[in-house]
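Peer 1: What follows is a predicted structure for the sequence shown.
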Amino acid sequence: MKQALNLQLSQQLTLTPQLKQSLKLLQLSSLDLEQEIQLAIDSNPLLERIENEVPEVREIQELSPTLDNGIMQPVAESSDPNAEIERTDHLAPEQDLTANWEEAFESRRTTLSSGTSGRDTEFTQFVVRQDSLYEHLAWQIKMTSLSDRDQLIAQAILHCLDAEGYLKHNPSEIVEMLDSNLEVEDDEVSAVLSLIKTLDPLGAGCQDLRERLLVLLKNKPEHSKPSGQLAENIIDHHLDLVGNHNLTKLKRSLSVTEEELSEALALITTLNPRIGSAFSSDNENYVTPDVIVKKAGDKWTAQLNSESQTKLRVNETYSQLLKKSEGLDKDSSQFIQTHLLEAKNFIKGLMSRYDTLLLVSRAIVERQQAFFEQGETQMKPMVLQDIADALEMHESTISRATSGKYLLSPRGVYELKYFFSSAVSNTDGATSSSTAIRSLIKKLIDSESKTKPLSDSKIAKELETQGHIVARRTVAKYRESMHIAPSSQRKSLTG
């Protein structure tokens, strides 16, 4: 095999460390961004937060962003967009790094806060933490007159409950978990378990849905009535038919009239087996919106939420040390210079994130005016490329800017990606958003006759009369995505 040297030229795109950091900060959610900021502050003594300062209000028209591989960069108020960056690259280290970074970027800071008087009150600080189901049951057990031995058994049982209060182990398995020196018997565990089932909420400690429904039903006043007895029979022996909504077979198996069956089923529907839902904390799923949409005149506009923005600056003490340059050895000076440059780059990347998010949000809101005015049925089809073309950014940048970012509007909180949907053809040649079609399908199902629910084929025909061409399989796919059962399972004996 002969060896040889070859010279080959090629081109490839290489991201600078600063651009990589900007991309990383852009794609982070608010929670992840806060963690990244805290990590940067902890590792860089020259970086600090700006606390309790009134943000400067500037309109989007004052922005003059430049495009750097799809990332919108803030621009200095110089006639040359790259003057600031070039100056930073060519000046001597002391001249460059001793520049007042805070002043250099103050005029370029974009903060869309509608108020000019301090920060709004954060009412979530006054929310009381919700007890868990375990804590609620444990507190009740402590208030009972159970012996110390039974208290230990009760605690062991509670530790075997899942989030919905179902018992995942039988009494024999619970006995094995307890100290063998106690010599606990199965019947002792069963006795304590019977007590737990009577605590609030009723049904805690049941092993399955059937058992819980029976416990809930027996505590209903209607249990002693004929409808209650029939309901108990249905739960005990025919719960699968109810789950499959096979009412015809259920009626035939029980040999009852349609009216009697309807009355028993109505009683069953009043039972709520999801006892754990009342103890889930709302704060666990709390989302801080990145963008707030408000109506100004006759137009909806987007603003960044000042509560979700973190303001940073370079520590003035360290900056002054470099200016004086007295009493600093070479290592100390190099340490400050290195961390000062890192702090500047981080602040620049953070500002780039806010500016890009603002531009993308406003472009989305501009195209979805009808949605904010009239609702989901007026959602327009839109893909990432539409926003990318409008802002002259790369499609991947739009994807990063919308992933994990949330928008607050009078209609609710939505992830920015929610506003992107595929197009569905109309009879007039126009297109509709798939989100709008889903909304129309839901409205048709909500208004259908309960005794004669609409099949997927009938829904497709009804949509066609409204000017939307949607195949039956597409209707089924959209219906399933909304967790709506098929027509056979939506049927009821009474309307």
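Peer 2: Arrived safely, thanks for sending. Numbers count the residues shown, from 1 in each chain.

Peer 1: close enough to count as contact, residue 302 and residue 369?
Peer 2: No - if you go by C-beta atoms under 8 Å, residue 302 and residue 369 don't touch, sitting 11.3 Å apart. Quick note: C-beta positions are derived from backbone N, CA and C, even for glycine.

Peer 1: So these two - more neighbours on which side?
Peer 2: residue 302 (26 against 16; other C-beta atoms under 10 Å).

Peer 1: any low-confidence regions in the stretch 301-450 of the chain?
Peer 2: 324-328, 427-429 (pLDDT under 70).

Peer 1: where does the stretch 1-150 of the chain dip in pLDDT?
Peer 2: 1, 13, 52-130.

Peer 1: mind running it again at 80?
Peer 2: Low-confidence segments of the stretch 1-150 of the chain, defined by pLDDT under 80: 1-2, 10-15, 51-131.

Peer 1: I'd like the distance from stretch 463-482 to the chain centre, please.
Peer 2: 27 Å (C-alpha atoms, centre = their mean, to the nearest Å).

Peer 1: neighbouring contacts of it?
Peer 2: With contacts defined as C-beta atoms under 8 Å, 6 or more residues apart in numbering, stretch 463-482 is touched by 424-428, 432, 434, 437-438, 440-442, 444-445, 456-457, 459-460, 486.

Peer 1: Return the subset of those lying in helices.
Peer 2: Among the contacts of stretch 463-482, the subset assigned to helices under DSSP state H consists of 434, 437, 438, 440, 441, 442, 444, 445, 456, 457, 459, 460.

Peer 1: circling back: now the buried members of the contacts of stretch 463-482.
Peer 2: Neighbour counting by 16 or more other C-beta atoms under 10 Å classes 424, 426, 432, 434, 437-438, 440-442, 444-445, 456, 459-460 among these as buried.

Peer 1: Which member of these is positioned nearest residue 402?
Peer 2: residue 434 (16.9 Å; C-beta to C-beta).

Peer 1: my read: the closest one touches residue 423, true?
Peer 2: Yes - checked against C-beta under 8 Å, the pair residue 434 and residue 423 is within contact range at 7.5 Å.

Peer 1: Just the endpoints, please. Distance across stretch 450-457?
Peer 2: Length of stretch 450-457, first residue to last, C-alpha to C-alpha, to the nearest Å: 17 Å.

Peer 1: next one: it to chain centre, how far?
Peer 2: Counting by C-alpha atoms, centre = their mean, stretch 450-457 is centred 33 Å from the centre of its parent chain.

Peer 1: again with stretch 432-452
Peer 2: Using C-alpha atoms, centre = their mean, the offset of stretch 432-452 from its chain centre is 25 Å.

Peer 1: for stretch 444-457, which positions count as buried?
Peer 2: So stretch 444-457, judged by 16+ other C-beta under 10 Å, has buried residues 444, 445, 448, 453, 454, 455, 456.

Peer 1: now do stretch 384-397
Peer 2: Buried positions in stretch 384-397, judged by neighbour count with 16+ other C-beta under 10 Å: 384, 386, 387, 388, 391, 393, 394, 397.

Peer 1: Include distance to residue 132 and secondary structure when you put these into TSV, please.
Peer 2: Shown next, in TSV, are the buried residues of stretch 384-397 (distance: C-beta to C-beta, whole Å; DSSP: H, G, I helix; E, B strand; the rest coil):
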residue	distance to residue 132	secondary structure
384	41	helix
386	45	helix
387	42	helix
388	45	helix
391	46	helix
393	45	coil
394	45	coil
397	42	helix
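
Peer 1: Which one of those residues is nearest to residue 309?
Peer 2: Of these, the one sitting nearest to residue 309 (C-beta to C-beta) turns out to be residue 397, at 19.6 Å.

Peer 1: That closest one against residue 26, yeah?
Peer 2: Yes - under the criterion of C-beta under 8 Å, residue 397 makes contact with residue 26 at 7.2 Å.
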